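**Q** Take a look and give me a structure for this.
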Amino acid sequence: MFFVREMRMSYLTLASLLSLATLGTASPLPSQHDSTSSSQKCVYWEANAIPSYGILANLSVGTPGQEIKSIPLDSASSDTWFSDALYSNTSSSTAEYVNSDFLNAYIDGSSSGGVFVKDQLSIGDDVNFNLQIGVGRANESDRDGIIGLSFPEYEFNVILNDSTPYPNFLKSMKEQGLIDRSAFSMYPSDGAEHTDFDIEQAYRYGVAFGGVDESKIDGELTSLPILYNTWFTKSDKPFTYFLQLDEIFFGDYSLTGPSNDTDSLPDDSTLLMRNSTVALLDSGNQGILLPTDLLQQFNAFLDPIEYRDGQPVIPCDLQKQNGYLHFKFHGGYIASMKMSSVFYPVNDENTKCQSYVYEATTVMNLGLPFLANHYILFDQDAYEISFGKLRQSSNQQFKALEPFTKSINPTTVTLDPLPNPTFPFAAAATSAVPSSSTQKRCNK
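**A** Numbers count the residues shown, from 1 in each chain. The predicted structure is shown next:
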């Protein structure tokens, strides 16, 4: 079977690229740290979020270090790889050959293949660890690499060839003592909801490995169980970030926060979906992907003035008045996003806006426009995803997560059957856009 990824790409003008290049000079925010014991650890990595490309960060690989810029951080894939145009393992004294089994493939028919090596990866001056990475030597793709942050059981060769999982990015950080918990949180680093979807506007995005930034969370986190899917027989536990979604509806006001599964819809609401389904949280996807029937209902609700390349176009001044799109997750949480998060101008006068909501060929996929409205903690050890309401703050207050010691059965939360045509690997962004990132240990 040939497994592929969903892919949505968009166009940036040369002027846009040049304007983004200057954003790399932004200085890190001042920090205020909790008193953190030496046994509790986390690593903070600040990146650029660019709506047309994803969440992009910088790092170096090998000895001497080979600088790699603007690599996407992808919550919906598990392998880390770079093209041989960016990284040469033969030029690194610390590189060790593993095998020639590296392969990734995409829905547009492009692919990247080559070898696996182990080498030193550095994010900042004091965060270094060894990692198995793919080197794309036969790279028939416009992608130059990716950082996969999902479970080891989701690695491409595990899916394709029933191979034994290897310690990937997050697993390696934990095994080598950088963090105590296989978990990471993602959020706009200023804590502000990014509701105006401007494809030319980059903003800073924080990723805290093994910890949370409490200064960016308004209230408490609400934890939801990650789904286990019995149709995927190569894993006896959850393997990527699937959640059960019970309802989608429109409304005039934000409802972000805990909820009861039995709550009725507010009076101002228009129901789009009430039928439990699976949703994938995917930081490598630049849009929202809905199944065909839901997409048709979504487009009909918008009452577009025209369609362009199959996508609805509405007046830009209207999209700012269209309220919120609400996602009600099973287990007690409503995640609201402003409708302006998924529209962008398509003419010079900024009077016509086009949707960034597309058709899903597999499961529903909630990408960057959704993620950027929330504080989200991905916890592989607890098999949970936790949501929090964003709080705008110029401070940082990191709290390292303690080792997870509870005994749990992660196979008890299921939702079957899932559609099973092509496997829902994540969208992948190009790494052609200049970016900068700040890295440090949370307790320094």
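
**Q** buried sites along the longest helix anywhere in the chain?
**A** Ranked by residue count and defined by DSSP state H, the top helix of the chain is helix 292-302. By 16 or more other C-beta atoms under 10 Å, the buried positions in helix 292-302 come out as L294, L295, F298, N299, L302. Every C-beta, even on glycine, is put in place using the N, C-alpha and C of the backbone.

**Q** right, and the fourth one touches G310 too?
**A** No - under the criterion of C-beta atoms under 8 Å, N299 lies out of contact with G310, with a separation of 9.7 Å.

**Q** Using PDB, list the CA coordinates for stretch 145-158.
**A** Output of stretch 145-158 as PDB, limited to C-alpha atoms (Å, rounded to 0.1, in the frame of the first residue of the first chain):
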ATOM      1  CA  GLY A 145      12.500  18.600   5.300                       C
ATOM      2  CA  ILE A 146      10.200  18.300   8.300                       C
ATOM      3  CA  ILE A 147      10.300  17.800  12.100                       C
ATOM      4  CA  GLY A 148       7.800  15.100  13.000                       C
ATOM      5  CA  LEU A 149       6.300  15.400  16.500                       C
ATOM      6  CA  SER A 150       3.800  12.500  16.500                       C
ATOM      7  CA  PHE A 151       4.100   9.100  18.100                       C
ATOM      8  CA  PRO A 152       6.900   6.700  17.000                       C
ATOM      9  CA  GLU A 153       4.200   4.300  15.900                       C
ATOM     10  CA  TYR A 154       3.300   6.800  13.200                       C
ATOM     11  CA  GLU A 155       6.700   6.700  11.500                       C
ATOM     12  CA  PHE A 156       6.400   6.100   7.700                       C
ATOM     13  CA  ASN A 157       8.200   2.700   7.700                       C
ATOM     14  CA  VAL A 158       6.100   1.400  10.600                       C
END
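
**Q** May I see the buried residues of it?
**A** For stretch 145-158, the neighbour count (16+ other C-beta under 10 Å) marks 145-158 as buried.

**Q** Out of these, list just those in strands.
**A** Judged by DSSP state E, strands contain the following of the buried residues of stretch 145-158: G145, I146, I147, G148.

**Q** What are the contacting residues of the helix or strand harbouring G114?
**A** G114 is part of strand 111-122, with elements assigned from DSSP states H and E. Here strand 111-122 makes contact (C-beta atoms under 8 Å, 6 or more residues apart in numbering) with 59-63, 65, 80-81, 83-84, 89, 92, 94-105, 128-141, 143.

**Q** and the next element down the chain from it?
**A** strand 128-140.

**Q** Now find how far off-centre that following strand is within its chain.
**A** 20 Å (C-alpha atoms, centre = their mean, to the nearest Å).

**Q** where are the low-confidence patches of the chain?
**A** Applying pLDDT under 70 to the chain flags the ranges 1-40, 106-110, 140-141, 195-200, 230-234, 261, 319-321, 411-440, 443-444.
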